[in-house]
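>>> Following is a predicted model, sequence given first.
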2 protein chains.
Amino acid sequence: MAYKLAFIGFGVVGQGLAMLLEEKKKLLKNQFGILFTVEAISDPVKGSVCQKGGLDLKKILSIVEKEGTIANYEKGEKGWDSLKTIKESNANVIIEVSPTNIETGEPGVSHIREALKRKQHVLTTNKGPIALFYKELSELAKQNNVILKFEGTVLSGTPALNFSFDTLTGADIQEIRGIMNGTTNYILTKMAEGQDYNTVLKEAQRLGYAETKPDADVKGWDALAKIVILANVVMGGNIKPKDVPTQGITDITLDDINAAKKEEKKYKLIGRAWKEGGTVKAKVSPEKIAREDFLYHVNGVTNALTFSTDVLGNVTVVGPGAGKKETGFSLLTDFISMHHAITS
Amino acid sequence: MAYKLAFIGFGVVGQGLAMLLEEKKKLLKNQFGILFTVEAISDPVKGSVCQKGGLDLKKILSIVEKEGTIANYEKGEKGWDSLKTIKESNANVIIEVSPTNIETGEPGVSHIREALKRKQHVLTTNKGPIALFYKELSELAKQNNVILKFEGTVLSGTPALNFSFDTLTGADIQEIRGIMNGTTNYILTKMAEGQDYNTVLKEAQRLGYAETKPDADVKGWDALAKIVILANVVMGGNIKPKDVPTQGITDITLDDINAAKKEEKKYKLIGRAWKEGGTVKAKVSPEKIAREDFLYHVNGVTNALTFSTDVLGNVTVVGPGAGKKETGFSLLTDFISMHHAITS
């Protein structure tokens, strides 16, 4: 089966997927029977190009790395915006990786709506649209008989949604809790080693773990989006982000951390969703975690989720929660499982 | 879709599945469209019964619990052995849960061969046949266009094989290592708290964690079967158990453990499979694990596997590795995924 892809967004994640598509081209063909061309890329910063029949992805990646823009790619039509690209590029699979906005879901949700209505499959890592509009978008996909996949919205490539659906199928998941933001876990880990918040934040920014404007991470909004997705998608909840009590790590002092240490505990920013009286609730807050809890031992930028189930008790998955290739990989698994769903 | 099941073996695991089938009957029907009857049970100790149209599973479970045998179940034909049950019970799904033998694979492998040849699907938790004859059996299943599933042969219901295939699809798994035997991990955990081997072993036997004849666990054979299955099934290896260097925990002394403690390390019985020069190798042995390694923190009867991949680095899954419902659940997930494979 041959697919025509268009990338809406070509930042870190889009480039990560493009690299993996190049690296794993043979595997996709030989192991899964997947053929593909990338028909178009549209990014407000890197530029846009549409080439029917397929771009030279290797060349694109190399130009973007060197020049920061695809303006000098020789072929194709330039300058199409995201919606024109969705409508006119001839793609049947839209890779939606534009910047996330957890308050409005824009521009991602408009891209996804347009694509689904046009009967294009959508693979995305964009948390905003899924946290805010999962129900609407999944119904829209169903109505149009196309696939919407978004594994990477939770722990990048570390299995979270697929872990729940594919491998825990048949189990009743009563609670999901975990460390779902690497930046804050890195900061809390370093603070537990004795460094103060501001010093660690600067170091995290230098290392690329934290943004210049770190609010989305340190105020808990990123973890909020993820726990809302887990609550609604995995546990059947109907939660809006604004209804979830959310506290970040900005009020945690070195004194708090040292006091916790005396109790043999560590502060972790915990996202939690649980079933209570027929509904699903969620919360994001720093919690003191005891040594006996597996999450105590999850340090640095690593993420982890513990699923409490009726049949297995607790099952925990631990892995990276961000990164270029890691998040790109989530789109690759989505692509493969989309293909399985279409062809089987 | 309606399935006719026959249980070959009705010990702890078979009863665990039967309980779950009762508990989750509605879920199976409503969520997955799965209907089923249990047409027959054959167990050399608990007795055998075949009732065309379906046994009363609730009654069977209650009788077995009270009387230790199904002899007094009122209906059906009694006394059929395993092969007669496979051949004549009218079942199209065989649940093979007879006792495992890692040297010969018998009687499980004969049951599985017979069932596959007769175009019956097979779901099993029996490690011996899969560790010894995976290639032959999977080809036999393919030839006969039926499904062979065996998730529970590795970590009972904790996702191991499905984790590799379904959620890490597209990744190159370069190494799998982990704690895949709960009995030895319990013993080593207790020894690290200062108790000697014989005292802990007796306690483990009292708690039902260790068999009266504990060789399969403490000599590493159970972990051996599991790592061979992972090596062959997940990593494409072609390994026989007899070719794998295997060392159990019987030579580990309290002195060894205390010496490790001084280095801030813990002994764990580690199964390991890795790619080396185009082939897959495997090994089972006690290893000193450092605090930085997640496996250090996996204590008691809990199991864990770390997958080293090209795209995600290390991803670890932690959960129970044994238990009545836990292992029964692996068969339930196999049943559901068999259904998906058949109907999609």
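That came in fine, so what should we check first?
>>> which residues does residue A:237 contact?
Shown in contact with residue A:237 (CB atoms under 8 Å, 6 or more residues apart in numbering or on different chains): A:231, A:273, A:279, A:280, A:281, A:282. Any C-beta I mention is one placed from the backbone N, CA and C, and that applies to glycine too.
>>> Now list the buried members of the residues you listed.
Taking 16 or more other CB atoms under 10 Å in any protein chain shown as the criterion, what is buried in the contacts of residue A:237 is A:231, A:273, A:280, A:281, A:282.
>>> give me the element the second one is part of.
Read that as residue A:273. Secondary structure assigned from DSSP states H and E places residue A:273 in strand A:265-276.
>>> before we move on, what about the last one?
Taking DSSP H and E as the definition, one finds residue A:282 inside strand A:279-290.
>>> other SSEs contacting the next helix-or-strand element following that strand?
Using DSSP H and E, the helix or strand that follows strand A:279-290 in sequence is strand A:302-309. Contacts defined by 3 or more CB pairs under 8 Å, 6 or more residues apart in numbering or on different chains; DSSP states H and E place strand A:302-309 against helix A:152-155, strand A:173-179, helix A:182-192, strand A:313-320.
>>> first to last residue in stretch A:159-171, what's the distance?
Start and end residues of stretch A:159-171 are separated by 17 Å (CA to CA, to the nearest Å).
>>> neighbouring contacts of that stretch?
A:150-151, A:153-154, A:173, A:176, A:229-230, A:233-234, A:305, A:307, A:309-312, A:315, A:317, A:319, A:333, A:337, B:24, B:27-28, B:159, B:162-163, B:166-168, B:315, B:329, B:332-333, B:336-337.
>>> just checking, residue A:74 is part of a strand?
No - the assignment for residue A:74, made by DSSP: H, G, I helix; E, B strand; the rest coil, is coil rather than a strand.
>>> burial count for it?
The number of residues packed near residue A:74 is 9, by other CB atoms under 10 Å in any protein chain shown.
>>> same question, residue A:291
Neighbours of residue A:291 (other CB under 10 Å): 12.
>>> do residue A:123 as well
Using other CB under 10 Å: residue A:123 sits among 25 other residues.
>>> Check the gap between it and residue A:22 for me.
17 Å (CB to CB, to the nearest Å).
>>> Residues of chain A that sit close to chain B?
Proximity of chain A to chain B (CB under 8 Å from any CB of the partner chain) is limited to residues A:20, A:24, A:27-28, A:157-159, A:162-163, A:166-171, A:294, A:296-297, A:311-320, A:325-326, A:328-329, A:332-333, A:336-337, A:341, A:344.
>>> hmm, try it at 7 Å
A:20, A:24, A:157-159, A:162-163, A:166-171, A:294, A:297, A:311-320, A:325-326, A:329, A:332-333, A:336, A:344 (CB under 7 Å from any CB of the partner chain).
>>> Give the PyMOL command for selecting the buried subset of the residues you listed.
A single PyMOL command selects the buried members of the residues of chain A next to chain B (16+ other CB under 10 Å):
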select buried, chain A and resi 20+24+157+158+159+162+163+166+167+168+169+170+171+294+297+311+312+313+314+315+316+317+318+319+320+325+326+329+332+333+336
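>>> sorry, back to before: neighbouring contacts of the strand holding residue A:282?
A:220, A:223-224, A:227-228, A:231, A:235-237, A:239, A:244-247, A:249, A:252, A:260, A:264-274, A:295-296 (CB atoms under 7 Å, 6 or more residues apart in numbering or on different chains).
>>> List only buried entries from those residues.
A:220, A:223-224, A:227-228, A:231, A:235, A:237, A:239, A:244, A:246, A:249, A:252, A:260, A:265-274, A:295-296.
>>> Spell out the secondary structure type for residue A:259.
Residue A:259 - assigned by three-state DSSP - is helix.
>>> I meant to write residue A:62 there.
helix.
>>> picking up where we left off before, can you say which of the helices and strands packed on strand A:302-309 is packed in most?
helix A:152-155 (a mean of 30; mean count of other CB atoms under 10 Å in any protein chain shown).
>>> Going along the chain from it, find the next helix or strand for me.
Next element after helix A:152-155 (DSSP H and E): helix A:161-162.
>>> Please work out the average pLDDT along that following helix.
Taken as a whole, helix A:161-162 has an average pLDDT of 94.
>>> how about the buried ones among the contacts of residue A:237 in CSV, adding pLDDT?
Below are the buried ones among the contacts of residue A:237 laid out as CSV (pLDDT from 0 to 100):
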residue, pLDDT
A:231, 98
A:273, 98
A:280, 98
A:281, 98
A:282, 98
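>>> Including distance to residue B:10, could these go into CSV?
Output for the buried ones among the contacts of residue A:237, formatted as CSV (distance: CB to CB, whole Å):
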residue, distance to residue B:10
A:231, 39
A:273, 38
A:280, 38
A:281, 41
A:282, 42
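>>> tell me which of those residues is nearest to residue A:38?
residue A:231 (34.1 Å; CB to CB).
>>> so the closest one touches residue A:241, yeah?
No - the pair residue A:231 / residue A:241 is not scored as a contact, 10.3 Å apart, by CB atoms under 7 Å.
>>> I'd say residue A:328 and residue A:16 touch.
Yes - under the criterion of CB under 7 Å, residue A:328 makes contact with residue A:16 at 2.7 Å.
>>> Could you name every residue contacting both of the two?
Going by CB under 7 Å, 6+ apart, no residue sits against residue A:328 while also sitting against residue A:16.
>>> gap between the residue of chain A most remote from its centre and residue B:290?
Distance to the chain centre peaks in chain A at residue A:262, reaching 35.4 Å (criterion: CA atoms, centre = their mean). Plainly put, residue A:262 is 25 Å away from residue B:290 if you go by CB to CB.
>>> In space, what's closest to residue A:50 - neighbours in sequence excluded?
Spatial nearest neighbour of residue A:50, chain neighbours left out: residue A:40 (3.9 Å); criterion: CB to CB, 6 or more residues apart in numbering or on different chains.
>>> Start and end of stretch A:280-300, how far apart?
Start-to-end, stretch A:280-300 (CA to CA) is 30 Å.
>>> And stretch A:311-328, by the same measure?
End-to-end for stretch A:311-328, by CA to CA: 33 Å.
>>> avg pLDDT for that stretch?
In this model, stretch A:311-328 carries a mean pLDDT of 95.
>>> what does stretch A:40-47 give?
97.
>>> How is chain A divided into domains?
Domain ranges of chain A: A:2-157+A:324-343, A:169-320, per automatic domain parsing.
>>> quick one: the shortest one to chain centroid distance?
Centre-to-centre, domain A:169-320 and its host chain are 15 Å apart (CA atoms, centre = their mean, to the nearest Å).
>>> what does the longest one give?
Between the centre of domain A:2-157+A:324-343 and the centre of its chain there are 13 Å (CA atoms, centre = their mean).
>>> Touching, residue A:189 and residue A:302? I think so.
No - using CB under 7 Å, residue A:189 is not in contact with residue A:302; the gap is 9.2 Å.
>>> can you map out the helices along the stretch 101-250 of chain A?
A:108-117, A:127-143, A:152-155, A:161-162, A:182-192, A:197-206, A:215-218, A:221-229 (DSSP state H, counting those that start in this stretch).
>>> Tabulate these (a markdown table), appending distance to residue A:82.
Listed next are those as a markdown table, based on distance: least, CB to CB, whole Å:
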| stretch | distance to residue A:82 |
| --- | --- |
| helix A:108-117 | 6 |
| helix A:127-143 | 13 |
| helix A:152-155 | 19 |
| helix A:161-162 | 25 |
| helix A:182-192 | 27 |
| helix A:197-206 | 29 |
| helix A:215-218 | 22 |
| helix A:221-229 | 21 |
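>>> winner for burial among these?
The most buried one of the helices of the stretch 101-250 of chain A (mean count of other CB under 10 Å) is helix A:152-155, showing a mean of 30.
>>> Tell me the helices and strands packed up against that helix.
Applying 3 or more CB pairs under 7 Å, 6 or more residues apart in numbering or on different chains; DSSP states H and E, one finds that helix A:152-155 contacts helix A:221-229, helix A:324-343.
>>> Next, format those as TSV and append distance to residue B:180.
Listed next are the helices and strands packed on helix A:152-155 as TSV, based on distance: least, CB to CB, whole Å:
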stretch	distance to residue B:180
helix A:221-229	30
helix A:324-343	25
